[in-house]
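Asker: sharing a sequence plus its predicted fold:
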Amino acid sequence: MKFNDELKLFLKARYPVIYIDTVEEDRVEYVIRKNIKTNLNRSIYSWDFVDGYTNNPNNEGFAKRNPLQALELIEKLNPETPALFLLKDFNRFFTDLSVSRKLKNISRILKLQPKTIIIIGSDFNIPKELQDLITVLQFQLPLENEINQELTRLINTLNINVDESTFESLSRACQGLSLERIRRVLSKIIATYKTIDNKSISVLLSEKKQIISQTEILEYWSVNEKIANLGGLENLKEWLKKRKTAFSLQAANYGLPTPRGLLLVGIQGTGKSLTAKAIANDWQLPLLKLDVGKLFGGIVGESESRLRQMINVSETISPCILWIDEIDKAFCNIESKGDSGTSNRVLATFISWLSEKTKPVFVIATANNIDLLPLEIIRKGRFDEIFFLDLPKKEEREEIFKIHLQEFRPNSWELFNYAKLAKLSESFSGAEIRQSIIEGMYHAFYERREFTTDDICLALKEIIPLAQLESSQMLKLQNWASSGRIRLASSTHIYLN
């Protein structure tokens, strides 16, 4: 049900006290006044702690710096006069015994008279003794049509041309921001670039970074990695390519569900984290990394609260990508954890959200050992797909060497013998291949000369890859992947002997 419809229903049903949790004070007041003018004939009294009652000449400045007196005005008004009282930040006075008691007493009057108290605040914390009295009404951030109207208004005012694709990208980037923030950021964009175009998107995403920085469990990652910089992984790249435009308006009109997420399983160093960063950059979506270690707090109920905060923030700035690195370590051996069931409750809430979320939050979780993951997470419906990232085969190792050497030596990368390097690097992960190049560069730099293929070959012989140190575990993981219960990120994969 829409906000206007719910508000109208609550007022007609004579709900005594309604609490609206929002930071958009001006916008919610505008919407309420518009709703009252259109559907209900009520006088509106607006109060705040500093200025008292405003917008009413008979009570201008009344109850200034006196929340208890603000409630007393309700009793003084004619019982037959329909009225609405907007009390801003009044939730901050709930802990005052006199205010709390007065609210309880006055609620009896409100049930019999056409009067309603609406409290507007941004700190959702209602004392237990008032929970039965107060009804919470959700006020969403601007929806797509409101954002489009604001963008259209600004574009028409400035008399500039914005193509349909750029307009849609801007609209998507604005989602999760309040109208006030959108106006402020667009003013900054105009002042910087003198127009609105694709360069504006990065400014909007940086504004979302400000929201994320206010929470301790989520971190905003600025990314420059590209899908093209991922060596191999052709099956995964093709899957991602088909879903790149799935957050667009055309996809919604087509009836296509928003992608839910990916679980990437594989050996360490095979590019799982790099893939998450590349997807965010390629899809032009903000990347949020969840610090699982900070998710679990020591105080009873704190872990569940932090999880709800994570969900709320990620949904607020959606569409976005939520990156959960090494999720297997967060929920491993969950039955044996002596935390009074906290881990089980957090897991239950998390997987329930994965299955039922409607906001465009694309979750990318990575895991090194799928045996440690609870079966509830890997069940179909939590993620769109589970991909296995194996050690790169020979052709993929050549490609990985080329990608890294183009980065280190953009003018001379073609001089290296990639076939030789790929042959010597069997069982090496992508991260270990990069490290071998760096080791080769150290050899040559120490001798004050340019590094060559031979320097890298020497480094390859000195480095012992993780696959050789833990060969039994690697073989077990590869055999499990080849059983057909998981999709392979590469077109083919290798086995350890």
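Answerer: Looks like it arrived, so ask away. Residues are numbered from 1 along each chain as shown.
Asker: check which helix or strand Lys359 maps to.
Answerer: According to DSSP states H and E, Lys359 maps onto no helix or strand at all.
Asker: run a quick neighbour tally on it.
Answerer: 16 (other C-beta atoms under 10 Å). (Each C-beta comes from the backbone N, C-alpha and C, glycine too.)
Asker: ok, it touching Cys320?
Answerer: No. At 9.1 Å, Lys359 does not count as touching Cys320 under the criterion of C-beta atoms under 8 Å.
Asker: which neighbours do the two share?
Answerer: Ser314 (C-beta atoms under 8 Å, 6 or more residues apart in numbering).
Asker: okay, the nearest residue to Ile364 once chain neighbours are set aside: pLDDT?
Answerer: In space, and not counting its chain neighbours, Ile364 is closest to Ala276: 4.4 Å by C-beta to C-beta, 6 or more residues apart in numbering. Looking at Ala276, its pLDDT is 91.
Asker: do I have it right that Ala276 meets Thr366?
Answerer: Yes. Ala276 lies in contact with Thr366 (C-beta under 8 Å); the separation is 7.0 Å.
Asker: these two: which is more packed in?
Answerer: Ranked by neighbour count (other C-beta under 10 Å), Ala276 and Thr366 place Ala276 first, with 26 against 23.
Asker: what's near enough to touch that one?
Answerer: 264, 287, 321, 323, 325, 364, 366.
Asker: for it, give its distance to Val363.
Answerer: Between Ala276 and Val363 the computed distance is 10 Å (C-beta to C-beta, to the nearest Å).
Asker: so where's this protein uncertain?
Answerer: Within the chain, the stretches with pLDDT under 70 are 1, 124, 214-215, 297-302, 332-341, 484-485, 492-497.
Asker: quick one, what contacts the residue nearest the centre of it?
Answerer: Nearest to the geometric centre of the chain sits Ser314, at 2.6 Å (C-alpha atoms, centre = their mean). By C-beta under 8 Å, 6+ apart, the contact list for Ser314 reads 218, 288, 320, 322, 359, 361.
Asker: with Ile279 instead?
Answerer: Ile279 neighbours (C-beta under 8 Å, 6+ apart): 227, 240, 321, 362, 364.
Asker: can you name the residues bridging to the third one?
Answerer: Meaning Ile321. Counting by DSSP bridges, Ile321 forms beta bridges with Leu287, Phe362.
Asker: give me the neighbour count for Ser425.
Answerer: Neighbour tally, Ser425, other C-beta under 10 Å: 25.
Asker: all further residue positions should be reported with the first residue as 849.
Answerer: Let's use 849 as the start, then, which means that last one is Ser1273.
Asker: correct me, but it touches Leu1308?
Answerer: Yes. Applying C-beta under 8 Å, one finds Ser1273 in contact with Leu1308, separated by 5.5 Å.
Asker: which neighbours do those two have in common?
Answerer: Ser1284.
Asker: the stretch 949-1098 of the chain: helices as residue ranges?
Answerer: Using DSSP state H, counting those that start in this stretch, the helices of the stretch 949-1098 of the chain run over residues 992-1006, 1012-1022, 1027-1041, 1048-1060, 1082-1091, 1097-1102.
Asker: circling back: in which helix or strand does the residue nearest to Ile1212 reside?
Answerer: Per DSSP H and E: helix 1120-1131 holds Ala1124.
Asker: so that helix versus helix 1082-1091, what angle?
Answerer: Note on geometry: by axes from the mean of the first three to the mean of the last three C-alpha atoms, to 10 degrees, helix 1120-1131 and helix 1082-1091 are set 30 degrees apart in direction.
Asker: check which residues of helix 1120-1131 are buried.
Answerer: 1120-1131 (16 or more other C-beta atoms under 10 Å).
Asker: then stretch 903-915 to PDB, C-alphas only?
Answerer: Provided in PDB are the C-alpha atoms of stretch 903-915 (Å, rounded to 0.1, in the frame of the first residue of the first chain):
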ATOM      1  CA  ASN A 903       2.200  28.300  10.200                       C
ATOM      2  CA  ASN A 904      -0.800  29.200  12.500                       C
ATOM      3  CA  PRO A 905      -1.100  32.900  13.400                       C
ATOM      4  CA  ASN A 906      -3.100  32.200  16.600                       C
ATOM      5  CA  ASN A 907      -0.400  30.000  18.100                       C
ATOM      6  CA  GLU A 908       2.800  31.300  16.500                       C
ATOM      7  CA  GLY A 909       5.700  30.500  18.700                       C
ATOM      8  CA  PHE A 910       3.600  28.700  21.300                       C
ATOM      9  CA  ALA A 911       5.300  25.800  23.300                       C
ATOM     10  CA  LYS A 912       8.800  27.000  22.200                       C
ATOM     11  CA  ARG A 913      11.400  24.800  23.900                       C
ATOM     12  CA  ASN A 914       8.600  23.000  25.800                       C
ATOM     13  CA  PRO A 915       7.500  19.600  24.500                       C
END
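Asker: residues in contact with that stretch?
Answerer: Residues contacting stretch 903-915 (C-beta under 8 Å, 6+ apart): 891-895, 897-902, 917-918, 920-921, 935, 938, 941, 944, 947.
Asker: just those residues: which are in strands?
Answerer: Counting by DSSP state E, the contacts of stretch 903-915 place 891-895, 900-902, 935 in strands.
Asker: show the buried residues in the residues you listed.
Answerer: For the ones in strands among the contacts of stretch 903-915, buried by 16+ other C-beta under 10 Å: 892-895, 900-902, 935.
Asker: name the nearest of those residues relative to Glu1280.
Answerer: Set against Glu1280, the nearest of those by C-beta to C-beta is Leu935 (62.2 Å).
Asker: show me what contacts that closest one?
Answerer: 895, 915, 918, 965-968.
Asker: one more time with 7 Å
Answerer: 895, 918, 965, 967 (C-beta atoms under 7 Å, 6 or more residues apart in numbering).
Asker: now the angle from the helix or strand containing Arg1245 to helix 1082-1091?
Answerer: Secondary structure assignment for Arg1245, by DSSP H and E: helix 1242-1256. Angle, helix 1242-1256 to helix 1082-1091, by the same axes, to 10 degrees: 70 degrees.
Asker: mind checking how far helix 1242-1256 is from the chain centre?
Answerer: 32 Å (C-alpha atoms, centre = their mean, to the nearest Å).
Asker: equivalent analysis for stretch 1288-1305, please.
Answerer: 43 Å.
Asker: do stretch 1219-1236 as well
Answerer: Taking mean C-alpha positions (C-alpha atoms, centre = their mean), stretch 1219-1236 and its chain are 20 Å apart.
Asker: quick check: buried residues in it?
Answerer: Neighbour-count burial for stretch 1219-1236 [16+ other C-beta under 10 Å]: 1220-1222, 1224-1226, 1230-1236.
Asker: what comes into contact with that stretch?
Answerer: Contacts for stretch 1219-1236 (C-beta under 7 Å, 6+ apart): 1084, 1087, 1107-1114, 1176, 1179-1180, 1182, 1195, 1199, 1202-1203, 1215, 1218, 1329, 1334-1337.
Asker: so which of those residues are in strands?
Answerer: 1109-1114, 1215, 1335-1336.
Asker: what subset of those residues is buried?
Answerer: 1109-1114, 1215, 1336.
Asker: so what's Lys1125 up against?
Answerer: 1069, 1071, 1073, 1135.
Asker: my read: Leu1170 touches Asp1139, true?
Answerer: No. Using C-beta atoms under 7 Å, Leu1170 is not in contact with Asp1139; the gap is 11.9 Å.
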